[in-house]
Structures are given as structure tokens and as C-alpha cells.
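Need the 3D shape of this:
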Amino acid sequence: MKNQLSAWTLLVMVVAIVSVSEAQTSIKTMGGTPAVLPSGLGEGVDRDIMTVRDATARFKSTKAAEAAGYKQVTGCVEHQPAGAMGYHFQNNDLLDTTLDLEHPEVLVYEKMPDGSFQLNGVEFLVPISAWKSSEPPRIVGQALTKADSIGFWFLHVWTWKPSPSGLFAPWNPDVKCLETSSMNH
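Down below sits the predicted model:
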């Protein structure tokens, strides 16, 4: 009986160690940041987030984003106490009814105390006037939110800086505005 118990204990420990090792390898293989991935929303969402991250990694610098057609369209947008979105760099050539994980319409940055910008996430946009379906547009398994005040359907995805409010939350309490814009989403 004692030998059987020891064998089971050893087996459980080996399975636990292998499971933890596989989970860590999976995160590393996906290139994820443990704070962002795994999202807890399923493998499909995690794959989509990795696709967005892979496509936007080259835009960690606003200079690279501007060279690719993204232009700053807002100051730092915040809505306290919910948090902030940050600075929106938008590519107007992408504003249509097509949503593409590899080509988000907006890159969202936070200005750091040293004056540099940090890429925190993306925003997918569809002009309300162009969308003809009665159902909202969808990407990453999520329905976009209609914002009549700005004329867009939108979805934020915090791909580079985790949000305590959630991966798809409009506002991130951990994003700070050093100076604010009067624009609200």
C-alpha cells in the first residue's frame, strides 16, 4: 500500500511538472507576455492576439507607424476613474468595412515620462456610415461597440499592455496621460 501511494505521488508530481513546463513552453512559443497571454478566453482568441502582436511589433516606434501611414489623430484620451486609452495613430487608408488582424486601423500609444511613446494596443474601427448589416462588425470573436458620437464601431485590444479591466475594455486603468485631450470615446 505504501509503495502504491508513493508511486501515485511520484506520478502526480511528474504530471504536474510536465504540465507547468508545457504551459510555459506554450507561452514562450506563442511569443506571449504572461500578463497578456494566455488570455483565458480560449486558444482561438490567443492565436488572434499573437497575429496582431506579430503584425504590430514593428510599430513599437511611432516613427515606424508614421512611415507606414499611421498619423496621430488624438492627444491622450482618458476617462477617469475608468482609465485612459492613450494616443491614437490612425491609418485612414484602412477605414472601410474590412477588419484584418494584421492591419488594425489604429495603434494606441502611451507617452512615457521621458517623452517616448509605448505601444499598448490596437483599435479596430468601422465607419458607421459604411456598415450596412443590422449585426455589429466582429473581430477576435468580439462585437465592436457603436459610438455615434465619433461615427465609428470600435474595439480596443490591449495586445501589448495588459488592462486590469480586460483584454477588450475601452479604458485601461494602467494607462496614464501626462497631458489630456478633451476628446472622449
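
In this structure, what helix or strand scores lowest on average pLDDT?
One helix or strand of the chain scores below all others by mean pLDDT, DSSP states H and E: helix 2-30, with a mean of 36.

That helix: what's the following helix or strand?
helix 43-56 (DSSP states H and E).

so what secondary structure elements neighbour that next one?
Packing partners of helix 43-56 (3 or more Cβ pairs under 8 Å, 6 or more residues apart in numbering; DSSP states H and E): strand 117-127. Using the backbone N, CA and C atoms, a C-beta is placed for each residue, glycine as well.

Summarise which helices and strands the helix or strand just after the strand it packs on is packed against.
Sequence order places strand 138-139 as the next helix or strand after strand 117-127, per DSSP H and E. Of the remaining helices and strands, none touches strand 138-139 by 3+ Cβ pairs under 8 Å, 6+ apart.

go again using 10 Å as the cut-off
Secondary-structure packing of strand 138-139 (3 or more Cβ pairs under 10 Å, 6 or more residues apart in numbering; DSSP states H and E): strand 117-127, strand 152-157.

How far off centre is that strand?
Counting by Cα atoms, centre = their mean, to the nearest Å, strand 138-139 is centred 13 Å from the centre of its parent chain.

which neighbours does it have in its sheet, and in what orientation?
strand 142-143 (antiparallel) (DSSP bridges).

neighbouring strands for the following helix or strand past the strand it pairs with, and are they parallel or not?
Using DSSP H and E, the helix or strand that follows strand 142-143 in sequence is strand 145-147. Within its sheet, strand 145-147 is paired with strand 152-157 (antiparallel), according to DSSP bridges.

From the chain's centroid, how far away is the strand it pairs with?
Relative to its chain's centre, strand 152-157 lies at 11 Å (Cα atoms, centre = their mean).

Likewise for stretch 70-82?
For stretch 70-82, the distance to the chain centre is 15 Å (Cα atoms, centre = their mean).

For it, give the mean pLDDT please.
Here stretch 70-82 scores 95 as its mean pLDDT.

do stretch 135-151 as well
97.

next one: stretch 169-185
79.

now swap in stretch 109-124 and tell me
Rounded mean pLDDT across stretch 109-124 is 96.

Go through it and flag the buried ones.
By neighbour count on 16 or more other Cβ atoms under 10 Å, the buried set for stretch 109-124 is 109, 110, 111, 117, 119, 120, 121, 122, 123, 124.
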